[in-house]
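S.K.: need the 3D shape of this:
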Amino acid sequence: QVQLVETGGGLVQPGNSLRLSCAVAASGRPAGVYAVGWFRQAPGKEREFVAAISWNGALKTYGKFVKGRFIISRDSAKNTAYLQVDELKPGDTAIYYCAATPWTGDLQELDSAYPWWGRGTQVTVSS
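M.R.: Numbering: from 1, shown residues only. Below is the predicted model of the structure:
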């Protein structure tokens, strides 16, 4: 069983930055053997892939809409993954979720590939 808890969301003004955290706790296996993905879901829209990172942080991939404002990282010693978002825009308003999947050698962009999910953290970008 893998448990994930997202933190770091909130109300921010356009142009500011935010760093979201995802604490990963796994029973039976080291948390580091899981790839972690970030997804977001805006009101009235489907959930979309933001970014994913391999178990050792060496591989990263980003969603097609990402244009340099998002950076995914992880600290294996802390079993925590991060999503840095810069130059926030109102269109970034969404619930941000982190998810985990056993590491298979490839990064996954489909949400169906992730069996474990956090409850999400709300990010609202507004002046």
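S.K.: excluding chain neighbours, what is closest to the residue nearest to the spatial centre of the chain?
M.R.: By Cα atoms, centre = their mean, the chain has its centre lying nearest to residue 38, at 2.4 Å. Of all residues not flanking residue 38 in the chain, residue 50 sits nearest, at 4.2 Å (Cβ to Cβ, 6 or more residues apart in numbering). Backbone N, C-alpha and C define where each C-beta goes, glycine included.
S.K.: can you confirm that neighbour is in a helix?
M.R.: No. Counting by DSSP: H, G, I helix; E, B strand; the rest coil, residue 50 is not found in a helix; it is strand.
S.K.: from residue 111, how far off is it?
M.R.: 11 Å (Cβ to Cβ, to the nearest Å).
S.K.: ok, the two, which is more surrounded?
M.R.: When neighbours are counted by other Cβ atoms under 10 Å, residue 50 and residue 111 differ, and residue 50 comes out ahead with 24 against 16.
S.K.: which residues touch residue 25?
M.R.: By Cβ atoms under 8 Å, 6 or more residues apart in numbering, the residues touching residue 25 are 2, 3, 4, 5, 31, 79.
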